[in-house]
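Participant: I'll drop the sequence and a predicted model, then ask my questions.
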Amino acid sequence: MKQLIIITTLLISGILIGQTNYEKGMQKAFELWGSNQPTEASNLFERIAKAEPDNWLPAYYAAQINVINSFGERNEDKLSAKLKRAQDLINDATAISKENPEIMVLQALLHTAWVAFDGATYGMTLSGKVVELYTKAKIVAPGNPRVLYCKAEWDMGGAKYFGQDTAPFCKDIERAIELFANFKPETPFHPNWGNDRAEQILESCGK
């Protein structure tokens, strides 16, 4: 009995230590990212992902950094390398957490990065996939503010490209901001981004 208690205590201690290491690692990665060290942050998220094979969040954030840093990249080889790495990480995250609206949004943003790089080449093949992802994500999580705001920004981009009015989508941005105000992430490390960007868009909405 005593031996069983010792073994149980050791197991519980190991779990607690693991959680502490995970939390410390995630916090450090976010600090690196916030200190304008995205490569170091992404590498750390990837190391955490390897140590946490059942947790989709580290791979998600490593992918997100690569996706975000691909916007504005004009060298196709560099862009391709970043987005290929991001895609591999998104695949890893999806394998852990299927039908996840946060991952769907990130996948849509990856496709958007290609369209933003060369709309003439990638718009025809990827635009439909982006719309499909946002539509599916909205069905899965209608109250997720990132789904609504990112779809609205995508729709605005399409309207601008075709010389159409973007004002009809302003109401979606307003609704997203309302959802952000009441959104509670599952844990401190779950996605909670987008409100600042949505407010920036709303300021210039319809102008």
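Facilitator: Okay, I see it. Residues are numbered from 1 along each chain as shown.

Participant: and the helix or strand hosting I103, average pLDDT?
Facilitator: Counting by DSSP states H and E, the element that carries I103 is helix 101-117. Average pLDDT, helix 101-117: 98.

Participant: same for the next helix or strand after that helix, what does it pack against?
Facilitator: Proceeding N to C from helix 101-117, the next assigned helix or strand is helix 119-140, under DSSP H and E. Applying 3 or more CB pairs under 8 Å, 6 or more residues apart in numbering; DSSP states H and E, we find helix 119-140 packed against helix 101-117, helix 145-161. The way it works is simple: take the backbone N, C-alpha and C, and place the C-beta from them, glycine included.

Participant: how distant is helix 119-140 from the center of its chain?
Facilitator: 16 Å (CA atoms, centre = their mean, to the nearest Å).

Participant: By mean pLDDT, point me to the weakest helix or strand of this structure.
Facilitator: helix 2-34 (a mean of 66; mean pLDDT, DSSP states H and E).

Participant: Can you name the next helix or strand after that helix?
Facilitator: According to DSSP H and E, the helix or strand after helix 2-34 is helix 38-51.

Participant: mind saving the C-alpha coords of that next one as CSV?
Facilitator: Taking C-alpha atoms only, helix 38-51 is exported to CSV below (Å, rounded to 0.1, in the frame of the first residue of the first chain):
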residue,chain,number,x,y,z
PRO,A,38,9.7,35.5,-34.1
THR,A,39,12.2,32.9,-35.4
GLU,A,40,13.3,32.1,-31.8
ALA,A,41,9.7,32.0,-30.7
SER,A,42,8.6,29.7,-33.5
ASN,A,43,11.6,27.3,-32.8
LEU,A,44,10.6,27.2,-29.1
PHE,A,45,7.0,26.5,-29.9
GLU,A,46,8.1,23.6,-32.2
ARG,A,47,10.3,22.2,-29.4
ILE,A,48,7.3,22.3,-27.0
ALA,A,49,5.1,20.7,-29.7
LYS,A,50,7.5,17.7,-29.8
ALA,A,51,7.4,17.4,-26.0
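
Participant: Measure how the following helix or strand past that helix sits relative to helix 101-117, angle-wise.
Facilitator: For helix 38-51, the following helix or strand on the C-terminal side (DSSP H and E) is helix 57-68. For helix 57-68 against helix 101-117, the angle by axes from the mean of the first three to the mean of the last three CA atoms, to 10 degrees is 20 degrees.

Participant: ok, the residue sitting nearest the centre point of the chain to T125 distance?
Facilitator: Most central in the chain under CA atoms, centre = their mean is L106, positioned 4.2 Å from the mean C-alpha point. To T125, L106 is 19 Å away according to CB to CB, to the nearest Å.

Participant: With P53 instead?
Facilitator: 33 Å.
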